[in-house]
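Participant: I'd like to go over a predicted model; first the sequence, then the structure.
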Amino acid sequence: MRIQHQFLLYYSLFLLFLTATTLISPSHGDLGKCHPSDFKALMNMKNSISMSEGEYSSWFQNTDCCDWNGIRCDSKTNRIGGIYLFIGELSGQIPPSVGDLSHLTALTIRHFKNITGPIPQSITKLKHLQVLDLDHMSLSGPVPHFLNQLTLLTRLDLSGNQFSGSIPPNLSDLKNIISIHLDGNKLTGSIPESFEKFTGTVLDLYLGRNKLTGRVPKYLGALDGAIDLSRNKLIGDASFLINPNHTYIDLSRNEFEFDLSKVKFPKDLNIFDISHNKIFGGIPDEIKNLESLYTLKVGYNRLCGKIPTGGIMKRFKSTSFFHNKCLCGTPMMISCKKN
């Protein structure tokens, strides 16, 4: 009787042990902090994209997905709030299942040249998304018109891809946006007139290294922030962009024509590149007093006259002024003719 009682006791303890180990062991059935729907979406994502197991080994283990490399969960809700993938190797297309991560506020997938295809429309289900960085990959097709449905978006970076076609005018519906990077694509057409809605806001606008044509809309001069229109086919007078609102100005490699001598520089200007245009006139003497200016490129234009000296001008070498019509003085080693 005693033996039978001991057997039942040990058997009960054994069953209790099995139950306990089942509850605490990591498995697909028990996900720790990870929400089941988030886990399912991540698994679908993993199965759609080829991932290098070195950097993403945690994605191949039965561990809490909140602890996976590149995943950030909210400390209160344990819902996935951020995806940050930018190391190792990824290939394939961004799967529609990314739209099932309903609490996502930041989606950053960048610097993977083997990520191809379009942006899935399911991304519009991410109603909390504030940051969308899908840059320096091989995404293609048009820049999606449906991105305007991401109403909380503050940063959009699609730079360094293969996007083609025109810039969607309805991007101006993004009332919270403060940074748009579409540079380094194959975009054509003109800068949308609808972007006038951004007037009076702080907006860093990067449209360089595309195939944009036409004149620059006047309203861009009223934006605060950085502006990059470099390496396009834009024409006309862009002098209104050189105003107190802009500290980063890159207008290089276009076909702009205006008189630089009539321009008033922003006192906090950091970067100024107008090289490879058809800009004429002289360099205003006030430029030597711009203490924040560390990049100056005015070469390959039609500028004339003496290069200002003193102040910050010692920072810049002759390469900043090369190939102009008749610039002279230091540091060009070309003496100025006396009248």
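Facilitator: Nice, thanks for sending it over. Residues are numbered from 1 along each chain as shown.
Participant: next structured bit after the helix or strand bottoming out on mean pLDDT in the chain?
Facilitator: Lowest on mean pLDDT, DSSP states H and E among the helices and strands of the chain sits helix 2-24, with a mean of 36. Moving toward the C-terminus from helix 2-24, the next helix or strand (DSSP states H and E) is helix 36-48.
Participant: got the buried residues for the next helix or strand along the chain from that following helix?
Facilitator: Toward the C-terminus, helix 36-48 is succeeded by strand 49-51 as the next helix or strand (DSSP H and E). Residues 49, 51 are the ones in strand 49-51 that count as buried (16 or more other C-beta atoms under 10 Å). Every residue, glycine included, has its C-beta placed from N, CA and C.
Participant: which residues sit against strand 49-51?
Facilitator: The contact list for strand 49-51 (C-beta atoms under 8 Å, 6 or more residues apart in numbering) reads 59, 88-95, 114-115.
Participant: what's the answer for stretch 67-77, then?
Facilitator: 32-34, 42, 55-59, 65-66, 79-86, 103, 106.
Participant: show me those that map onto helices.
Facilitator: Those of the contacts of stretch 67-77 mapping onto helices are L42, per DSSP state H.
Participant: give me the buried entries from the contacts of stretch 67-77.
Facilitator: Neighbour counting over the contacts of stretch 67-77 (16+ other C-beta under 10 Å) leaves 34, 42, 55-56, 59, 65-66, 79-85, 103, 106 as the buried ones.
Participant: and of those, the nearest to A226?
Facilitator: Checking those against A226 with C-beta to C-beta, the nearest one is A106 at 21.1 Å.
Participant: list the contacts of the closest one.
Facilitator: 72, 81-84, 129-131, 133.
Participant: nearest to G99 among these?
Facilitator: Nearest to G99 out of the contacts of A106 is L129 (C-beta to C-beta; 9.9 Å).
Participant: what bits of the stretch 51-200 of the chain have low per-residue confidence?
Facilitator: Within the stretch 51-200 of the chain, no range satisfies pLDDT under 70.
Participant: related to what we said a few turns ago, most neighbours of all the contacts of strand 49-51, which one?
Facilitator: Neighbour count (other C-beta atoms under 10 Å) singles out I94 as the most crowded of those, with 24 neighbours.
Participant: measure it to H128 for me?
Facilitator: Going from I94 to H128 by C-beta to C-beta, to the nearest Å gives 18 Å.
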